[in-house]
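**Q** Have a look at this prediction, sequence included:
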Amino acid sequence: MAGVVIRGFHLKVGDRVRVLQVPPVLPKDDDRLKTESLFALCVGRVFPIVGFNDVGWLELEVGEVWDKIPCMDTIWIEPEFVEIVETTN
């Protein structure tokens, strides 16, 4: 998918978005995966969009919230849970 339209803006790879909230339906944290914790650490932070899936969710590389390089952790998030901060040309 090439992009998504949210609140009148056509989002594309490279645009920067702020995560506004944790989506209400996520897997609970367990010993192996810390999904809820990862999303919670992303709230209020700004990340570049690195991709989209077939249903229009945004791919964000968020490893920096764990003090890693960004590509070490990725989240997929619905566009209604982000706001656009900066667009690319």
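**A** Nice, thanks for sending it over.
**Q** Please name the nearest non-neighbouring residue to Thr35.
**A** Spatial nearest neighbour of Thr35, chain neighbours left out: Pro27 (4.8 Å); criterion: C-beta to C-beta, 6 or more residues apart in numbering. For the C-beta atoms, the positions are set from N, CA and C on the backbone; glycine is no exception.
**Q** does the residue most central in space within the chain sit in a helix or strand, and which one?
**A** By C-alpha atoms, centre = their mean, the chain has its centre lying nearest to Leu60, at 4.0 Å. Leu60 is part of strand 58-61 when elements are defined by DSSP states H and E.
**Q** for Val17, same thing?
**A** Using DSSP H and E, Val17 falls in strand 16-19.
**Q** now what about the strand holding Leu60, what contacts it?
**A** By C-beta atoms under 8 Å, 6 or more residues apart in numbering, the residues outside strand 58-61 that reach it are 4, 11, 17, 19, 42, 47-53, 70-79, 82.
**Q** Just the ones of these in strands?
**A** Among the contacts of strand 58-61, the ones falling in strands (DSSP state E) are 4, 11, 17, 19, 47-52, 74-77, 82.
**Q** gap between the nearest residue to Glu59 once chain neighbours are set aside and Gly63?
**A** Computed as C-beta to C-beta, 6+ apart, the closest residue to Glu59 that is not its neighbour in sequence is Gly51, at 3.8 Å. Counting by C-beta to C-beta, to the nearest Å, the separation of Gly51 from Gly63 is 15 Å.
**Q** what's the answer for Glu36, then?
**A** 17 Å.
**Q** Val82 now?
**A** From Val82 to Gly63 the distance is 18 Å (C-beta to C-beta).
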